[in-house]
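Colleague: sequence first, predicted coordinates after that:
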Amino acid sequence: MRVTFLGTGSAMPTGERFQAGLLVQDDGRTLLLDCGAGVLQRLQQSGVGYENVSTVLLTHHHLDHVADLLPLLKARWLAGEDHLEIVGPQGTKGLVDDLLSVYDYMQDKVDLQVREVVPGEFSIAGFDVAAYETRHSLPCLAYRFDDRFTFSGDSEAFAGLANFAEGSAILAHDCSFPDDVDVSNHPTPETLGRQLDGRDIGRVYLTHLYPHTEGRHEEMLESIGAHYDGDVRFAEDLTTVSIE
């Protein structure tokens, strides 16, 4: 399995990090997780390209996770691709319908299939996936791909989510702000470190990074390390991780 971080940033641009999105690839299968602003550009830079992405799995519906959905749809239509599947938590069909009502000329350009999922197990693009509800300001799902990869989506750090990720070779976890930012719906390094304490996880990548984190990476790693002694790194746009 290969995981490529396309966008490791947030709703506040830095110029270096695009909004949320990553690719999961395995044995000829490709799945796009989230599709924030800039993800379409990163797809081209990654060498995969929008032509090869026919399925998108959304964690939730905040703008920085869905802004490139219609640009992806239009690019695939113009490239002659005839299918796109969009899967996400409850409300995904309403979201897509509303977007298409604004850009009605995009209606019926491709065979568009929309599916909603709930916490539990399901299959998508040939992958068997488990979903777990996170703690965020909108309904949001974390996703796990067997014992290889877990993506937190947006969430506070809490024991249930840490339990869900236990045993994963790679965990990509929201870590939006340093400790001195008073925030809900996202973790800080100290709260994340406390919840990861004692967990068996191969490596943790921090993502969904606001500009507040720039220049403070070492400080944030030290804060996590005060509680959790595992391998923790900052994700970067276009970094690819291979997982056996």
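Modeller: Structure received. Residues are numbered from 1 along each chain as shown.
Colleague: quick one: terminal-to-terminal distance for stretch 74-84?
Modeller: End-to-end distance of stretch 74-84 (C-alpha to C-alpha, to the nearest Å): 10 Å.
Colleague: all strands of the chain, in order?
Modeller: In order along the chain, the chain carries the following strands (DSSP state E): 2-7, 21-26, 29-33, 55-57, 83-88, 111-116, 120-124, 127-133, 141-145, 149-151, 170-174, 203-207, 232-234, 240-242.
Colleague: kindly reformat those as TSV containing mean pLDDT and mean neighbour count.
Modeller: Heads up, the C-betas are built off the backbone N, CA and C, glycines and all. Below are the strands of the chain laid out as TSV (pLDDT from 0 to 100; neighbours: other C-beta atoms under 10 Å):
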stretch	mean pLDDT	mean neighbour count
strand 2-7	98	23
strand 21-26	98	23
strand 29-33	98	21
strand 55-57	98	24
strand 83-88	98	20
strand 111-116	98	14
strand 120-124	98	12
strand 127-133	98	18
strand 141-145	98	24
strand 149-151	98	26
strand 170-174	98	26
strand 203-207	98	22
strand 232-234	98	17
strand 240-242	98	13
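Colleague: isn't residue 23 up against residue 29?
Modeller: No: taking contacts as C-beta atoms under 8 Å, residue 23 lies outside contact range of residue 29: 10.7 Å.
Colleague: let me know the outermost residue of this protein.
Modeller: residue 105 (28.6 Å; C-alpha atoms, centre = their mean).
Colleague: report pLDDT for that residue.
Modeller: Looking at residue 105, its pLDDT is 94.
Colleague: likewise the one 3 residues further on?
Modeller: Listed pLDDT for residue 108 reads 94.
Colleague: can I get the CA coordinates of stretch 44-61 in PDB?
Modeller: This file holds the C-alpha atoms of stretch 44-61, laid out as PDB (Å, rounded to 0.1, in the frame of the first residue of the first chain):
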ATOM      1  CA  GLN A  44      -1.200  16.200 -11.300                       C
ATOM      2  CA  GLN A  45       2.100  16.900  -9.400                       C
ATOM      3  CA  SER A  46       2.000  13.400  -7.900                       C
ATOM      4  CA  GLY A  47       1.900  11.800 -11.300                       C
ATOM      5  CA  VAL A  48      -1.400  10.000 -10.600                       C
ATOM      6  CA  GLY A  49      -3.700  12.600 -12.200                       C
ATOM      7  CA  TYR A  50      -7.400  13.200 -12.000                       C
ATOM      8  CA  GLU A  51      -8.000  10.700 -14.900                       C
ATOM      9  CA  ASN A  52      -7.000   7.900 -12.500                       C
ATOM     10  CA  VAL A  53      -9.200   9.000  -9.600                       C
ATOM     11  CA  SER A  54     -12.700   7.700 -10.000                       C
ATOM     12  CA  THR A  55     -13.700   7.400  -6.300                       C
ATOM     13  CA  VAL A  56     -13.600  10.000  -3.500                       C
ATOM     14  CA  LEU A  57     -14.100   9.200   0.100                       C
ATOM     15  CA  LEU A  58     -15.000  12.200   2.300                       C
ATOM     16  CA  THR A  59     -14.400  12.400   6.000                       C
ATOM     17  CA  HIS A  60     -16.800  15.300   6.400                       C
ATOM     18  CA  HIS A  61     -18.200  18.300   4.600                       C
END
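Colleague: how about it: buried residues?
Modeller: Neighbour-count burial for stretch 44-61, counted by 16 or more other C-beta atoms under 10 Å, picks out 46, 48, 50, 53, 54, 55, 56, 57, 58, 59, 60, 61.
Colleague: would you turn the residues you listed into JSON lines with distance to residue 130?
Modeller: Below are the buried residues of stretch 44-61 laid out as JSON lines (distance: C-beta to C-beta, whole Å):
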{"residue": "46", "distance to residue 130": "26"}
{"residue": "48", "distance to residue 130": "24"}
{"residue": "50", "distance to residue 130": "27"}
{"residue": "53", "distance to residue 130": "22"}
{"residue": "54", "distance to residue 130": "22"}
{"residue": "55", "distance to residue 130": "17"}
{"residue": "56", "distance to residue 130": "18"}
{"residue": "57", "distance to residue 130": "12"}
{"residue": "58", "distance to residue 130": "16"}
{"residue": "59", "distance to residue 130": "13"}
{"residue": "60", "distance to residue 130": "17"}
{"residue": "61", "distance to residue 130": "20"}
